[in-house]
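**Q** I'll drop the sequence and a predicted model, then ask my questions.
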Amino acid sequence: MKSECQPRKHSTDGACRQCRLPEHACICALIPRADSSACFWLITHDKEFDKPTNTGKLIQAMMPDTRLFNWSRTVPDEQLVSLLDDPAYQPVLLFPAEYAVEVQSEKACWSRQAMDGRKVAFIIIDATWQQARKMYRQSPYLQNLDLLSLKPEEPSIYSLRRNRQSQHLCTAEVAAQALEQLGERHHRQLLEAVVQVYCDRYLWARKGQKREEDARSIRILEGG
Ligand SMILES: [Zn+2]
């Protein structure tokens, strides 16, 4: 099933409310809804989610049951704290390997073998990784969670922010890697294709760069 982008989804500046691309570049009709055995909980820094270059919204568009929580330094989100104790879920915090080493020694490391019938809830701190480390240190309720540290095998395909190192994955690529660890390679490929097409259209529609859309990604998405 494709998620439709209805005209009412467009905000007054003409951008789609879901993918935030200008209407003529909207990718929502291409984004499949994945039937995954995991869900994603994004803890967002208030400076982050509304940035047009944020890719958390792509996870939200493709993965059912994605939840967003606003992070606050002083007051943890009540709903998140109660979900972390909900026996229906197995919460797993995702961290890129280069930062995970700082916190890993005292953590249980999650792998697929640890799945125990509960729904896996992958938690991503949706911020720059520098902010994410700070947020983690200031959030005791995150510090006892199992951790999955991700080491990308390939350079990031995300190309919308300057001064990024190519081995640093964007939020949606982190989610894609987690899906691979879960054994859901097809969902990983779909989400990476969404990121690729999003980057192509963003650079074309917002930066005026003439770009060919990545034919392989379009094929993957059209195949569902
Ligand atoms: Zn859209």
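**A** On my side now, so go ahead. The structure presented is a predicted model; accordingly, all values stated were derived computationally and were not measured. Numbers count the residues shown, from 1 in each chain.
**Q** what about the residue nearest to the spatial centre of the chain, which helix or strand?
**A** Residue closest to the average C-alpha location in the chain (C-alpha atoms, centre = their mean): residue 172, at 3.2 Å. Assigning secondary structure by DSSP states H and E places residue 172 in helix 171-181.
**Q** now for that helix, which elements pack on it?
**A** Helices and strands touching helix 171-181, by 3 or more C-beta pairs under 8 Å, 6 or more residues apart in numbering; DSSP states H and E, are strand 38-44, helix 56-62, strand 89-96, strand 119-126, strand 146-150, helix 185-205. All C-beta atoms are positioned from the backbone trio N, CA, C, and that covers glycine.
**Q** and with 10 Å instead?
**A** strand 38-44, helix 56-62, strand 89-96, strand 119-126, helix 129-137, strand 146-150, helix 185-205 (3 or more C-beta pairs under 10 Å, 6 or more residues apart in numbering; DSSP states H and E).
**Q** for the ion, find the nearest of these.
**A** helix 56-62 (7.7 Å; C-beta to the ion).
**Q** okay, and the helix or strand of this structure with the least pLDDT?
**A** Least confident helix or strand of the chain, by mean pLDDT, DSSP states H and E, is helix 97-104 with a mean of 63.
**Q** list the contacts of the closest residue to residue 222 other than its chain neighbours.
**A** Distance criterion C-beta to C-beta, 6 or more residues apart in numbering; nearest residue to residue 222, sequence neighbours excluded, is residue 30 at 7.5 Å. Residues near residue 30 by C-beta atoms under 10 Å, 6 or more residues apart in numbering: 2-3, 5, 19, 61, 193-194, 197-198, 201, 217-218, 220-222.
**Q** and for residue 92?
**A** 38, 41, 108-111, 114-115, 120-123, 145-148, 178, 181-182.
**Q** separate out the buried members of these.
**A** The neighbour count (16 or more other C-beta atoms under 10 Å) marks 38, 41, 110, 115, 120-123, 145-148, 178, 181-182 as buried among the contacts of residue 92.
**Q** just the CA trace of stretch 17-31, in PDB.
**A** Taking C-alpha atoms only, stretch 17-31 is exported to PDB below (Å, rounded to 0.1, in the frame of the first residue of the first chain):
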ATOM      1  CA  ARG A  17       3.400  18.100   5.500                       C
ATOM      2  CA  GLN A  18       4.700  14.600   5.500                       C
ATOM      3  CA  CYS A  19       7.900  14.600   3.400                       C
ATOM      4  CA  ARG A  20       8.200  18.500   3.500                       C
ATOM      5  CA  LEU A  21       9.200  18.700  -0.100                       C
ATOM      6  CA  PRO A  22       7.500  21.200  -2.300                       C
ATOM      7  CA  GLU A  23       4.300  19.800  -3.800                       C
ATOM      8  CA  HIS A  24       5.700  19.200  -7.300                       C
ATOM      9  CA  ALA A  25       8.600  17.100  -5.800                       C
ATOM     10  CA  CYS A  26       6.600  15.200  -3.100                       C
ATOM     11  CA  ILE A  27       7.700  11.600  -2.800                       C
ATOM     12  CA  CYS A  28       4.900  10.300  -0.600                       C
ATOM     13  CA  ALA A  29       3.200   8.400  -3.400                       C
ATOM     14  CA  LEU A  30       6.400   6.400  -3.800                       C
ATOM     15  CA  ILE A  31       6.800   5.500  -0.100                       C
END
